[in-house]
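*Asks:* Turn this into a model:
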Amino acid sequence: MSTSKNTIDYLKDQLASLHGVSTKRMFGEYCLYVDGLPIAFVCSDQLFIKPTETNKQLLIKELIGFPYPGAKPYFLIPADQWEDAEWLRELIIRTAKEIKDVIVVDSDIVITYSHRGA
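*Replies:* Coordinates of the predicted model:
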C-alpha cells in the first residue's frame, strides 16, 4: 500500500516550522530530508526514522520496523505520536543533528563527513 497524500501533507504540516525539511516521492512512498540529508521514510502511511542514540532517548516506546524489504531496522513512530508536533519536531531535530556528522572507520583510516546544505 502506498502512502497517501493526506498522510504526507499532515506530516509536513506538523514539521512546517522546521527549516530545511522536505520530502521526495520514491516508488509510491516518501523519503524525509533535513537540509538534503535523508533521515526517515514514510511507507504505507507509517513513519520510519533512522535510529540514533539521541533520538532513542525521546521514544515513548521503542518500536522497530523495516520501511521496505531488505531495509535496515528503523524506529517506527506510531501515527498517534505525530499529533504532538513539538515532540515530533524535537525528534527530527535530534536525529538530523546526530547524523549530520558521520565518522566512517575503515582499517586505520577515519574519515569525517559533514553534510553542508545546498
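*Asks:* From now on I want contacts and neighbour counts done on CA atoms only, so please keep to that.
*Replies:* Fine.
*Asks:* Need the residues that contact stretch 27-47.
*Replies:* The contact list for stretch 27-47 (CA atoms under 8 Å, 6 or more residues apart in numbering) reads 1-4, 7-8, 19-25, 48-50, 67-68, 76-79, 92, 95-96, 99-100, 115-118.
*Asks:* let's see 6 Å
*Replies:* 1-3, 20-24, 48-50, 67, 76-77, 117 (CA atoms under 6 Å, 6 or more residues apart in numbering).
*Asks:* Would you mind listing the buried residues in that stretch?
*Replies:* 29-35, 37-47 (16 or more other CA atoms under 10 Å).
*Asks:* circling back: and which of the contacts of stretch 27-47 is nearest to D84?
*Replies:* Nearest to D84 among the contacts of stretch 27-47: I77, at 11.7 Å, using CA to CA.
*Asks:* partner residues bridging the residue nearest to that closest one when sequence neighbours are not counted?
*Replies:* With CA to CA, 6 or more residues apart in numbering as the criterion, I77 has its nearest non-adjacent residue at 5.4 Å, and that residue is L47. Bridge pairing for L47 (DSSP bridges) gives the partners V42, I77.
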